[in-house]
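Trainee: show me the folded form of this:
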Amino acid sequence: MDQYSQTQVGDTSSDHGMSLNRELWQVLVEKAWLIACIMAAAAAIGVWVGVRSPVVYQSKAVIELDFGEKKVLAIDDFEKRDKGGGVDFLNTIANNVRSSAIIKRVVVGQSLTNHPYFTGGSNAPSEQMVVSSVSGAVDARLRRMTRLIDVTVELGDRMLAQTVAQSVVDEYIKERNEVRAGVGTNTSQFLMAEETRIKEKLLLAERAAEQYLRTNSSSLIQSQNIVTEEFKALNERRAVATDERRDVERDFEMTRRVGVKVAELLTLSTVSRVPEVVALKEKLQAQEAVLVNHQLRYKEKHPEMIKARAELESIRQQFEAEVLKAPLRLGLQLQAAIEKEKGLEAAFKEQEKKLSDLNARRSGYEHLQADVTLHRSLHDAVIKRLRELDIVSGDKSKSEVRVIEPANLPLTPIRPNKKMLLLYALAAGTALSVGVIWLLVQLDTTIKSVDHAERILGLPVLGAVPKNKLIRDGKGRLFISDDPQSLCAEAFRSMRASLGLLGREEDRKVVFFTSAVPSEGKSFCCVNYAVAYAQQGKRTLIIDFDLRKPTLAESFGIKEDHFGVSDVLLNKAQLEQAVQTTRFDNLFLLTAGTTVPNPAELLSGQWTSKLIKEASAKFDHVVLDNAPINAVSDALMIVKEAQTVCLVANARKTSYRAVLRALEMLRRAGAKPSGVVLNFLPQSAGSGYYYYYSGNKYYGQKGVYGATSSKG
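Mentor: So this is what the prediction gives:
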């Protein structure tokens, strides 16, 4: 819903969808003439193109590529190529079929430069021109997942198309056979020369390998295996010696940092595992056990106790002395470990040199042996090719290209396809029609129907007044009393009923009519609504507040020299003096009165409110005709004095943006718009009018309100 909308019209999703469908149908009905014109033009263009297009016939021949085992290439090589790049290879052959060389052979062989199709009754064209023309007509395509090639020729002469298609196939087969025969002889000579050359190289390679083995020991591989095993063993021993040296070196450094601290020296594994230290430690623990046993049997000064303590102290001193010898002992172990590591390193390097020499000698032999293997495989391959070539040369009757279907004689042209051209033209016309209509709809911002108005404006449509050219007075105003059976009259009666449903009659005595822009027919709607209301026997007063361009006096045939609104507001006359009767019962008129230079200032005063209240007190219903909202601000001065506000919009003419702006200005002025009156709505099924009213079909021949028939 638009930002200006405040009233929801009870719209559901299904109603909204139906509304859009009705609007779409409305556009299609209205623009049916445009669609018909575009479709007719498109069909005419399609027919014209079909008539003017030259006739083209197509002749087709089918050939098969047969690459059997009788090829100069080995079958395994061909299979590899066929699997890896077979499609590309076959497509290359298809392109060769329609190459310029083949086409030139066809042109020369069939003397096409003298054919009437290419000469056109004039001098014979050049050979290059005919080759170019025929090349454009010839096509060769590989069938998917097959070895079949379709050769097609499209020309305006069906006999010539068949001749050219068959000639292309024949010339290609002839050219392939010529190449094949030439390649067989040349290849045989080439392969024989290669066999001699490769055989000589093979013999030289074999002699070199044998000489190398004689020069070097025949047990080269065995010696290399022994040296390799010794090399691995030395490498392992060297790694172990290095680890042992690092352990001793680490403990030696630790003893130097600890110094004479026996307890900390014992934490080192190299110290605690020394046999002398282990023996003294066990002896010390045994003596401590003896002392504990003596303490249970003897007193402290007993000779046995004194002897046991003395012996324990002696053993402890020996133990600590042995522990303190650890740095010296570790130093000797470190020196021995370093010497051992150096010896193993020297032996490792010597063995490494031996292994390197053996590897170099073996590498030379392997290189010579690889050379022998290479030349032997090349020699075998050449011998194999020579044997295959002998087989191929022995049977030249079978060609690698076979004709599966000879060129046919076309009976009907392939182009132009007049049915398809017409279908394409109609499809293009349909697309163009949709595009044009869409563009027109996008550019059209007018209110098109009742559904459209309610959806865009967010307000109910209180009345939909149709166009009617039959009932007019001299001033061009329609009156409900002149033809009460017309659709126009029924529209105003329906609008009267719609306004009556907005609330109690006493709460909605003042009805305010205005429009967004001039020439919307607001005064026309105001007058006819007032007449319809007065026909109910209600005293109805019409007040013309459009002081800038008053029209109500002219509509009723009353002169403007009588007192009016401006005179009452300027206190020049009383309401009773200014109100005039009309030719309609219960309908009274208060014209605009004397012209004033400042209508907005006059209407903004408090006298306007007093005038409307006085009129409401003296009449059953008061109808206010006001100036357009977007043009001047006069109507905004008095709109809040009304209980019902109706905005008149000219269907198919007024932009909904202008109406939305007017509604927003009314709301800012403190008014709450009650609804919209669609004026001059076309009486067509597509307009939405018949959806809003039942129309003539509802009333039938007898009708209502005395109607006998109505075709308005």
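
Trainee: got the domain ranges for this protein?
Mentor: 13-52+417-443, 57-191+399-405, 222-377, 450-471+496-683 (automatic domain parsing).

Trainee: and of those, who's closest to residue 484?
Mentor: domain 450-471+496-683 (8.5 Å; CB to CB). Just so you know, the C-beta spots here come from the backbone N, C-alpha and C atoms, and that holds for glycine as well.

Trainee: just want the phi and psi numbers for the closest residue to residue 55 other than its chain neighbours.
Mentor: Computed as CB to CB, 6 or more residues apart in numbering, the closest residue to residue 55 that is not its neighbour in sequence is residue 413, at 4.5 Å. Here is the backbone geometry of residue 413 (degrees, to the nearest 10): phi -70, psi 150.

Trainee: in this structure residue 413 contacts residue 56, no?
Mentor: Yes. If you go by CB atoms under 8 Å, residue 413 and residue 56 touch, sitting 5.7 Å apart.

Trainee: can you pull the contacts of the residue located most distally from the centre of the chain?
Mentor: Distance from the C-alpha centroid of the chain, by CA atoms, centre = their mean, peaks at residue 303 (109.6 Å). Residues near residue 303 by CB atoms under 8 Å, 6 or more residues apart in numbering: none.

Trainee: thinking again about what came up before, quick check: which of the domains of the chain is buried the most?
Mentor: Of all the domains of the chain, domain 450-471+496-683 has the most neighbours on average by mean count of other CB atoms under 10 Å, namely a mean of 20.

Trainee: now the end-to-end length of that domain.
Mentor: In domain 450-471+496-683, first residue to last residue: 12 Å (CA to CA, to the nearest Å).

Trainee: same check on stretch 501-518?
Mentor: Span of stretch 501-518 from end to end, CA to CA: 28 Å.

Trainee: give me the mean pLDDT for it.
Mentor: Average pLDDT, stretch 501-518: 91.

Trainee: now do that stretch: distance to the chain's middle.
Mentor: 53 Å (CA atoms, centre = their mean, to the nearest Å).

Trainee: residue numbering should commence at 387 henceforth.
Mentor: Yep, numbering from 387; the last one is stretch 887-904 now.

Trainee: report the contact partners of the residue lying closest to residue 971 once chain neighbours are set aside.
Mentor: If the residues on either side of it in the chain are set aside, residue 971 comes closest to residue 920, at 6.5 Å by CB to CB, 6+ apart. Going by CB under 8 Å, 6+ apart, residue 920 touches 926, 970-973.

Trainee: which two among these are spaced furthest apart?
Mentor: Longest span within the contacts of residue 920, CB to CB: 926 and 971, 9.9 Å.

Trainee: and the strands in the stretch 787-936 of the chain, which stretches?
Mentor: In the stretch 787-936 of the chain, the strands defined using DSSP state E, counting those that start in this stretch lie at 787-791, 847-852, 896-901, 926-930.

Trainee: typed the wrong thing, it's the chain
Mentor: Secondary structure of the chain (DSSP state E): strands located at 443-451, 524-528, 534-541, 787-791, 847-852, 896-901, 926-930, 966-967, 973-976, 1007-1011, 1030-1036, 1061-1067.

Trainee: list just the one of those that sits closest to residue 837.
Mentor: That would be strand 847-852 among those, by CB to CB, at 8.8 Å.

Trainee: in its sheet, what does that closest one sit against?
Mentor: strand 1061-1067 (parallel) (DSSP bridges).

Trainee: out of the strands of the chain, which gets nearest to residue 876?
Mentor: Comparing those by CB to CB, strand 847-852 comes nearest, at 9.2 Å.

Trainee: touching that closest one from outside, list them.
Mentor: Under CB under 8 Å, 6+ apart, the answer for strand 847-852 is 836, 839-840, 873-874, 877-878, 880-881, 884-885, 907, 911, 914-915, 1032, 1037, 1060-1069, 1074-1075, 1078-1079, 1098.

Trainee: of the residues you listed, which belong to helices?
Mentor: Residues of those located in helices (DSSP state H): 836, 839-840, 873-874, 877-878, 880-881, 884-885, 911, 914-915, 1075, 1078.

Trainee: quick one: which of those is nearest residue 739?
Mentor: residue 840 (105.5 Å).

Trainee: quick one: the closest one and residue 846 touch, right?
Mentor: Yes. Assessed by CB under 8 Å, residue 840 is found in contact with residue 846 at 6.3 Å.

Trainee: got the contact list for residue 942?
Mentor: 913, 968-969, 975.

Trainee: among those, which two are most distant?
Mentor: 913 and 969 (12.0 Å).

Trainee: state the mean pLDDT of stretch 908-917.
Mentor: 91.

Trainee: before we move on, what about stretch 923-940?
Mentor: Mean predicted confidence for stretch 923-940 is 92.

Trainee: return it as PDB; C-alpha atoms alone will do.
Mentor: Presented in PDB, the C-alpha positions along stretch 923-940 are these (Å, rounded to 0.1, in the frame of the first residue of the first chain):
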ATOM      1  CA  GLY A 923     -36.900  15.200   0.100                       C
ATOM      2  CA  LYS A 924     -34.000  16.500   2.000                       C
ATOM      3  CA  ARG A 925     -33.300  20.300   2.100                       C
ATOM      4  CA  THR A 926     -30.000  20.400   0.400                       C
ATOM      5  CA  LEU A 927     -27.700  23.500   0.000                       C
ATOM      6  CA  ILE A 928     -24.900  23.700  -2.500                       C
ATOM      7  CA  ILE A 929     -22.200  26.300  -1.600                       C
ATOM      8  CA  ASP A 930     -19.700  27.400  -4.200                       C
ATOM      9  CA  PHE A 931     -16.400  28.000  -2.400                       C
ATOM     10  CA  ASP A 932     -14.400  28.100  -5.600                       C
ATOM     11  CA  LEU A 933     -14.100  31.900  -5.400                       C
ATOM     12  CA  ARG A 934     -11.400  32.000  -8.100                       C
ATOM     13  CA  LYS A 935     -13.400  30.200 -10.900                       C
ATOM     14  CA  PRO A 936     -17.000  29.700  -9.800                       C
ATOM     15  CA  THR A 937     -19.200  27.600 -12.100                       C
ATOM     16  CA  LEU A 938     -22.300  26.600 -10.100                       C
ATOM     17  CA  ALA A 939     -24.300  29.700 -11.000                       C
ATOM     18  CA  GLU A 940     -23.700  29.100 -14.700                       C
END
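
Trainee: redo the strands of the chain as a markdown table? Include distance to residue 475.
Mentor: Below are these laid out as a markdown table (distance: least, CB to CB, whole Å):
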| stretch | distance to residue 475 |
| --- | --- |
| strand 443-451 | 9 |
| strand 524-528 | 10 |
| strand 534-541 | 12 |
| strand 787-791 | 14 |
| strand 847-852 | 76 |
| strand 896-901 | 81 |
| strand 926-930 | 95 |
| strand 966-967 | 105 |
| strand 973-976 | 99 |
| strand 1007-1011 | 91 |
| strand 1030-1036 | 76 |
| strand 1061-1067 | 75 |
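
Trainee: which among those strands is found nearest to residue 419?
Mentor: Using CB to CB, the nearest of the strands of the chain to residue 419 is strand 1061-1067, at 20.0 Å.

Trainee: which other residues reach that closest one?
Mentor: 833, 835-836, 839, 843, 845-853, 881, 884, 899, 906-908, 910-911, 1032-1039, 1045, 1073-1075.
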